[in-house]
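In: Quick one, fold the following:
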Amino acid sequence: MAARKHKASPLPSVARSEWAGKVVIVTGGAQGVGRGIAEAVLTAGGSVMIGDLDREAGQACLHEWDVGDRAAFRVLDVSRESSVASFVAATLKRFGRLDGLVNNAGIAEAHTGPIEKLSWKEWSRRIDTNLGGVFLCAKHALVALRASNGAIVNISSSRAHQSEPHTEAYAASKGGVIALTHALAISVGPVRVNAINPGWIVTDEWRKPSARRKPTLSPADHAQHPVGRAGIPPDIGALAVFLLSSQAGFITGENFTVDGGVARKMQYV
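Out: Numbers count the residues shown, from 1 in each chain. Presented below is the predicted three-dimensional model:
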């Protein structure tokens, strides 16, 4: 008798009825992982307000999604409190409620050179954006999230746990996001707060049209992942939607690494 092939279990489905009328802010939501998360929310049936520094990318999202009044865009600088406050106010004016906050915006470039040559300005820029932005957005969204019994998902990084040389500022900022996540979870419950740590996520095809391109990855790039491929933004979007939903109602203060299993491999030279 032939051996039965086992299929991977699917992610629990989220009923569209749960998402109808729900509103989620996605910072840095016009490109890359943020765009993947925003699209996952829209696919589930919710509405999104994306904030991004890149106006061209934000407008392109609205045009390509073509979901009518379920999506909106506004320029946002998460490192400036006045920008964050006006963004949250604009979201509430536009949609009338807020059910979820995804803190994704950040400076993605991890390498800053040898620490003895790293300027205080560059160090502070990453801390203020990658970590300070999470604090500011949570601070200004909290009243609305409490009213809706909502949830927060913070996007950290696998680099919060593992490092390459000369990535101190980025690693510190993302490690701070994980600590801030569990601190907030204890302080602001029953609003739930969790973090996702993406690994290698290929975003070439998730950029604005003028910067979009086919990814150039080798078979070895994919093969180093135990699942057999590098990640794509929908991999993060699927988990973010789950964590924002009622199906994750008993989960808070946790961080989830989504890296295709790379962090679990023994690494020897």
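In: Number of residues surrounding the closest residue to residue 53 other than its chain neighbours?
Out: Of all residues not flanking residue 53 in the chain, residue 77 sits nearest, at 6.0 Å (C-beta to C-beta, 6 or more residues apart in numbering). (C-beta placed from N, C-alpha, C; glycine too.) If you count neighbours by other C-beta atoms under 10 Å, residue 77 ends up with 18.
In: And residue 162, by the same measure?
Out: Neighbours of residue 162 (other C-beta under 10 Å): 16.
In: wait, isn't it in contact with residue 264?
Out: No: judged on C-beta atoms under 8 Å, residue 162 makes no contact with residue 264 at a distance of 11.3 Å.
In: buried sites along stretch 104-111?
Out: Of the residues in stretch 104-111, 104, 105, 106, 107, 110 count as buried by neighbour count, 16 or more other C-beta atoms under 10 Å.
In: actually stretch 241-257, sorry about that
Out: Neighbour-count burial for stretch 241-257 [16+ other C-beta under 10 Å]: 241, 242, 243, 244, 245, 247, 248, 252, 254, 255, 256, 257.
In: would TSV of these with secondary structure and distance to residue 91 be doable?
Out: As requested, those are exported to TSV (DSSP: H, G, I helix; E, B strand; the rest coil; distance: C-beta to C-beta, whole Å):
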residue	secondary structure	distance to residue 91
241	helix	18
242	helix	22
243	helix	20
244	helix	15
245	coil	19
247	helix	24
248	helix	22
252	coil	23
254	coil	26
255	strand	25
256	strand	26
257	strand	29
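In: quick one: which of the residues you listed is nearest residue 179?
Out: residue 255 (9.7 Å; C-beta to C-beta).
In: need the contact list for that closest one.
Out: 156, 160, 178, 181, 182, 194, 195, 196, 197 (C-beta atoms under 8 Å, 6 or more residues apart in numbering).
In: any idea of the pLDDT on it?
Out: Per-residue confidence (pLDDT) for residue 255: 95.
In: Name the nearest residue to it, ignoring sequence neighbours.
Out: residue 195 (3.9 Å).
In: what mean pLDDT does the helix or strand containing that neighbour have?
Out: Using DSSP states H and E, residue 195 falls within strand 192-198. Strand 192-198 shows a mean pLDDT of 96.
In: same thing with stretch 205-215?
Out: Here the average pLDDT along stretch 205-215 is 86.
In: mind listing what's buried in that stretch?
Out: 206, 207, 208.
In: Repeat that for stretch 216-235.
Out: So, applying 16+ other C-beta under 10 Å, buried residues of stretch 216-235: 225, 230, 231, 232, 233, 234, 235.
In: Local confidence estimate at the second one?
Out: Residue 230 is assigned 86 on the pLDDT scale.
In: and it, what does it touch?
Out: Contacts of residue 230 by C-beta under 8 Å, 6+ apart are 200, 201, 202, 217, 221, 222, 260.
In: Lovely, talk soon.
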